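*Asks:* Sequence first, then the predicted structure, then my questions.
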Amino acid sequence: MRRIALAIALILGSIGTALAHAPGTGAAGLAAGFAHPLLGLDHVMAMVAVGLWASQLGGRALWLVPASFVGVMAAGAALAHVTALPAVELGIAGSLLVLGALVATAVRLPVALGALIVGAFALFHGHAHGAEMPAASLLYAAGFIAATGLLHGLGLAIGLYWRSAAAGWVVRAGGAAVAATGLVLLIA
């Protein structure tokens, strides 16, 4: 119970940094890129939710759903250097609502459809990363890709650990918290 309370305190402590996307203001380098997804509650929750949902889907989804997020996210970052994507913050907040709801209700979809859904939201997350990425900073991109993989892995580990039917409510409750955060961000 103490670990859960500590995790909640850490998450709530990072709320002030959520949605701190200022285009073109990011520092260059691997560490800056790695830090970007970790410093925004919106990114952390969405990326962990991808791992949680993949753990619920099981099988090929364990790697295909997170991999589709990472691939489309990288494309979204590149897109940010070519054109502006409308409603990026709404897309990110919507990702929390939808991904959290999918986890909370343990929706079982075909793996390809699951990959398509997370990929659609990854475009917004990637665009936000890319908008802050200094031009042609491959180290920055490698950093946010690595951090995203780490967050997906965290979600997978949590989901697989709490996978049993008796403990599945823990993952579903986490999904409900993510969805509620998305709803708050959408109406705020």
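*Replies:* Ah, there it is. Numbering: from 1, shown residues only.
*Asks:* these two touch, right, G76 and G130?
*Replies:* Yes: counting by C-beta atoms under 8 Å, G76 touches G130, with 6.3 Å between them. Every residue, glycine included, has its C-beta placed from N, CA and C.
*Asks:* pLDDT weak spots in this protein?
*Replies:* 1-27, 136, 165 (pLDDT under 70).
*Asks:* how about the helices of it, start to end?
*Replies:* If DSSP state H is used as the criterion, the helices of the chain fall at 2-13, 30-38, 41-57, 61-80, 88-104, 111-132, 138-161, 168-187.
*Asks:* Tabulate these in a markdown table, adding columns for mean neighbour count.
*Replies:* Output for the helices of the chain, formatted as a markdown table (neighbours: other C-beta atoms under 10 Å):
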| stretch | mean neighbour count |
| --- | --- |
| helix 2-13 | 10 |
| helix 30-38 | 20 |
| helix 41-57 | 27 |
| helix 61-80 | 21 |
| helix 88-104 | 22 |
| helix 111-132 | 22 |
| helix 138-161 | 19 |
| helix 168-187 | 18 |
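*Asks:* ok, G91 - contacts?
*Replies:* L85, F121, L123, F124 (C-beta atoms under 8 Å, 6 or more residues apart in numbering).
*Asks:* List the residues that contact the nearest residue to the first one once chain neighbours are set aside.
*Replies:* So the one you mean is L85. Closest residue in space to L85, ignoring its immediate chain neighbours: H127 at 4.5 Å, by C-beta to C-beta, 6 or more residues apart in numbering. The contact partners of H127, by C-beta under 8 Å, 6+ apart, come to G76, A77, L79, A80, L85, V88.
*Asks:* got it, and A74?
*Replies:* G126, A141, I145.
*Asks:* any chance of the residues you listed in JSON lines, with distance to L64 too?
*Replies:* As requested, the contacts of A74 are arranged in JSON lines below (distance: C-beta to C-beta, whole Å):
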{"residue": "G126", "distance to L64": "18"}
{"residue": "A141", "distance to L64": "22"}
{"residue": "I145", "distance to L64": "17"}
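*Asks:* nearest to A179, of these?
*Replies:* The closest of those to A179 turns out to be G126 (C-beta to C-beta; 21.6 Å).
*Asks:* mind listing what that closest one touches?
*Replies:* Counting by C-beta under 8 Å, 6+ apart, G126 has contacts V72, M73, A74, A75, G76, A77, A78, L79, A80.
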